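Trainee: structure of the sequence below:
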Amino acid sequence: MRAEKNLKFIPGKMGERSYYVTDITLNYCRIRRFAGYTKEEARNFLAKLRLAAREGKLDDFLKPKQRVTTFDGYARDLLNSAEWKAKRSAFRNEISLNNLNKVFKDIPLGEINPALVRKYVTMRKELGILPATINREISLLKSILYSAEFDGLIDSNPIRGRRIKKLEENNNREKSILNLNLSEEDLVRLCERAAPHFRPILELAIITGMRRNEILKMKWKDIDFGLRVIRIPAENSKSKKERFIPISADLIRLLDSVEKKGDYVFMNDWTGKRRKRIEEAFRAACERAGILYGRPGGLTFHDLRHIAAYRLVKVTDVVTASKILGHSSLQMTMRYIHPTESDKREAIERVAESLFRGRQKDVNGQSAGHLEGLENKGQIN
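Mentor: Alright, predicted model coming up:
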């Protein structure tokens, strides 16, 4: 095959024919580009290349402007893809995207920059949004931009790495829960005032600390009524690890009273809107029980997990409580524990009572143990 100036034939791995422009310098720029699969295509490409150089449009020819894609257009397609719908954070991502669209919706991907993102963070903080929520939104924004970079829509992610610092997260739910000053009687009343279909869900959350999704995704086959044990499959657990939770006889009877309508214990009628319906039922129970509901100063459904952790640690050790709650580390369990001043005082009194219980006092106020110690000391000397 006769070689042509500035064109080089390169066979592909599968035997396909490919021509490349090589050994050419135009406008002080050395160029090597794919030119086509046939000699005719390669010649046409080379002619257009030289024409662009003569007209001063070489950069535009070599780097054509990318199609303008708005943030919402790309993000919506991304979140609707099978890969992103399968993510555990899919529901949360939808909420975050709705918030991000308040600023970024019609902005081209290539025009998003750190200054604009910092402005968004400031706006959300001024609205009183919690730092953890803002961090999740920025994390989603960063993931979307990384995908756009991978797909070739932008040259690089403008907020990659630590260009936008995460906010310090301190939701301080412990203080809010303590300020509610909930007693055992309050929790019993909350369960008693709940709607019949919601009461088993409520008691499971308060007693075992199971997460909302773990409760809703529970199937009848996951409950062993004989052994009084609930199995949480790995796919339903946040830590992706299977665990078993023993439950009381009363709770078993309560679960056994639930009408069996399908494979799921609770979710058969609530598919699609289960989170909203859980919140509606929980709000109604709180109102009937006279307990303040919702943020910032009221009780949320997830707070029941804090309460369960606190009550578990009072009756058992931290390791056992951690296993029941399904935490990946003891440090995670410690985040849910918030002892009150009365708890601290009670602990000191118990230690003191245990130390001095049974010690006899002599008439001079000295204990028998103290006198025995002196006698032994004399004998040793």
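Trainee: residue 30 is in what secondary structure piece?
Mentor: strand 29-36 (DSSP states H and E).
Trainee: next, the buried residues of that strand.
Mentor: By neighbour count on 16 or more other CB atoms under 10 Å, the buried set for strand 29-36 is 31, 35-36. In this view, the C-beta of every residue, glycine as well, is placed from N, C-alpha and C.
Trainee: JSON lines please, covering these and showing distance to residue 356 and pLDDT.
Mentor: Shown next, in JSON lines, are the buried residues of strand 29-36 (distance: CB to CB, whole Å; pLDDT from 0 to 100):
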{"residue": "31", "distance to residue 356": "91", "pLDDT": "73"}
{"residue": "35", "distance to residue 356": "94", "pLDDT": "74"}
{"residue": "36", "distance to residue 356": "95", "pLDDT": "74"}
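Trainee: just give me the closest of those to residue 332.
Mentor: Within the buried residues of strand 29-36, proximity to residue 332 (CB to CB) peaks at residue 31, which comes in at 56.5 Å.
Trainee: low-confidence ranges in this protein?
Mentor: For the chain, residues meeting the criterion pLDDT under 70 lie at 1-4, 6, 11-19, 21-23, 26-29, 60-68, 170-173, 268-275, 338, 357-381.
Trainee: longest helix anywhere in it?
Mentor: When the chain is scanned for its longest helix (criterion: DSSP state H), the result is helix 131-150.
Trainee: how far does the helix or strand that comes right after it sit from its chain's centre?
Mentor: Using DSSP H and E, the next helix or strand after helix 131-150 towards the C-terminus is helix 173-180. Mean-position distance between helix 173-180 and its chain equals 22 Å (CA atoms, centre = their mean, to the nearest Å).
Trainee: go on, stretch 219-235?
Mentor: 25 Å.
Trainee: now do stretch 161-175
Mentor: The answer for stretch 161-175 is 13 Å, by CA atoms, centre = their mean.
Trainee: end-to-end on it?
Mentor: End-to-end span of stretch 161-175 (CA to CA, to the nearest Å): 33 Å.
Trainee: only C-alpha atoms, please: export the longest helix of the chain in PDB.
Mentor: The C-alpha trace of helix 131-150 is given here as PDB (Å, rounded to 0.1, in the frame of the first residue of the first chain):
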ATOM      1  CA  PRO A 131     -25.100  21.000  58.300                       C
ATOM      2  CA  ALA A 132     -25.600  17.200  57.700                       C
ATOM      3  CA  THR A 133     -28.400  17.900  55.200                       C
ATOM      4  CA  ILE A 134     -26.300  20.500  53.300                       C
ATOM      5  CA  ASN A 135     -23.300  18.100  53.200                       C
ATOM      6  CA  ARG A 136     -25.400  15.400  51.600                       C
ATOM      7  CA  GLU A 137     -26.600  17.800  49.000                       C
ATOM      8  CA  ILE A 138     -23.100  19.000  48.100                       C
ATOM      9  CA  SER A 139     -22.000  15.300  48.100                       C
ATOM     10  CA  LEU A 140     -24.700  14.600  45.500                       C
ATOM     11  CA  LEU A 141     -23.700  17.600  43.400                       C
ATOM     12  CA  LYS A 142     -20.100  16.500  43.500                       C
ATOM     13  CA  SER A 143     -21.100  13.000  42.300                       C
ATOM     14  CA  ILE A 144     -23.200  14.400  39.500                       C
ATOM     15  CA  LEU A 145     -20.300  16.500  38.300                       C
ATOM     16  CA  TYR A 146     -17.900  13.600  38.500                       C
ATOM     17  CA  SER A 147     -20.300  11.600  36.200                       C
ATOM     18  CA  ALA A 148     -20.400  14.500  33.800                       C
ATOM     19  CA  GLU A 149     -16.600  14.600  33.700                       C
ATOM     20  CA  PHE A 150     -16.500  10.900  33.000                       C
END
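Trainee: perfect, that will be all.
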